[in-house]
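K.L.:
I'd like to go over a predicted model; first the sequence, then the structure.
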Amino acid sequence: MSKLPLSFYQRPVLTVAPELLGKILVTSLPEGITSGKIVEVEAYTGIKDPASHVYGGKKTERTRVIFEEGGKVYVYFVYGMHVCFNIVTGEKGTAECVFIRALEPLEGIEIMKKRRGVNDIFKLTSGPAKLTQALGIDMSFYGESLDGERIYLKEGEKIEPSRIDTSPRIGIDYAGEAKEWEYRFFIKDSPFLSVKLSRR
DNA sequence: TGTCCGATTGGT
DNA sequence: CCAATCGGACAG
């Protein structure tokens, strides 16, 4: 199974985000290969998106990679202890990214259990900061290309549209009306989601 | 340089 | 519900 080409990411974020469901995120590090199937993502659509880190055109040392062309890693450190992982999308000149919120563990489950310090498979990668810890993703991945050796995506299960649901994004109460936007995409029958709310 | 706070998690 | 824990953002 081959790596997804960078051209996959260099399309509009609202196209790429749902297509990421079912794809396999892989890291290859000294401890071994770990991977998981993407089951939950959120789209952050750029400088006009009040929930985005680049809202209003805010371009800083932390956010600069979001302005690059799609196919790069945007990671950030938050709450003094957590790393969150995003995939930059779109053409150069846009500032879009997809926030990866949950995976279904696949390869290297013993490595992931050791990194996470838990045995329950449902607690390994069912949250944005859990999956980075499980896959060994830290701030050194900032700006890395997703067709590299350490981290990449590969083709996975084809997800039928009927299995995909949407909801507002999680944890963005500061974003005004944007907190209602249906930019969270997830595989509705997955038991590995970060939150078990079904809404409506 | 000082203060404020978070696209979370895990325990109470 | 709330503490943990600290780098980035921004005001001054």
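P.N.:
That came through, no problem.

K.L.:
Need the CA coordinates for the top strand by length along chain A. PDB is fine.
P.N.:
In chain A, taking DSSP state E as the definition, the longest strand is strand A:32-44. Output of strand A:32-44 as PDB, limited to C-alpha atoms (Å, rounded to 0.1, in the frame of the first residue of the first chain):
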ATOM      1  CA  GLY A  32       8.700   0.600  15.400                       C
ATOM      2  CA  ILE A  33       5.800   1.300  13.200                       C
ATOM      3  CA  THR A  34       2.500   2.500  14.600                       C
ATOM      4  CA  SER A  35      -0.600   3.300  12.700                       C
ATOM      5  CA  GLY A  36      -4.300   3.900  13.000                       C
ATOM      6  CA  LYS A  37      -7.400   4.500  10.800                       C
ATOM      7  CA  ILE A  38      -8.700   8.000  10.800                       C
ATOM      8  CA  VAL A  39     -12.200   8.000  12.200                       C
ATOM      9  CA  GLU A  40     -12.700  11.700  13.300                       C
ATOM     10  CA  VAL A  41     -11.500  15.000  11.900                       C
ATOM     11  CA  GLU A  42     -12.300  18.700  11.900                       C
ATOM     12  CA  ALA A  43     -11.800  21.300   9.200                       C
ATOM     13  CA  TYR A  44     -10.300  24.700   9.900                       C
END
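
K.L.:
how about the helices in chain A?
P.N.:
Remark: helices assigned in chain A by DSSP state H are A:6-9, A:13-19, A:109-116, A:128-135.

K.L.:
Packed most tightly, which of these would that be?
P.N.:
Across the helices of chain A, averaging neighbours per residue (mean count of other Cβ atoms under 10 Å) puts helix A:128-135 on top, at a mean of 24. Where you see a C-beta, it was placed from the backbone N, CA and C, and this is true even at glycine.

K.L.:
give me phi/psi at residue A:46?
P.N.:
Residue A:46 adopts backbone torsions of phi 120, psi -160, taken as degrees, to the nearest 10.

K.L.:
Quick test: name the residue nearest the centre of chain A.
P.N.:
Central residue of chain A (Cα atoms, centre = their mean): residue A:100, 1.7 Å from the mean position.

K.L.:
pretty sure it contacts residue A:85?
P.N.:
Yes: with contact defined as Cβ atoms under 8 Å, residue A:100 counts as touching residue A:85 (5.2 Å).

K.L.:
what is in contact with those two at once?
P.N.:
Common contacts of residue A:100 and residue A:85 (Cβ atoms under 8 Å, 6 or more residues apart in numbering): A:128, A:131.

K.L.:
Contacts only, for the spatially closest residue to residue A:142 that is not a sequence neighbour.
P.N.:
Spatial nearest neighbour of residue A:142, chain neighbours left out: residue A:75 (5.3 Å); criterion: Cβ to Cβ, 6 or more residues apart in numbering. Applying Cβ under 8 Å, 6+ apart to residue A:75 gives the contacts A:83-86, A:132, A:137-139, A:141-142.

K.L.:
at 10 Å instead, please
P.N.:
For residue A:75, the contacting residues are A:62, A:65, A:83-86, A:132, A:137-144, by Cβ atoms under 10 Å, 6 or more residues apart in numbering.
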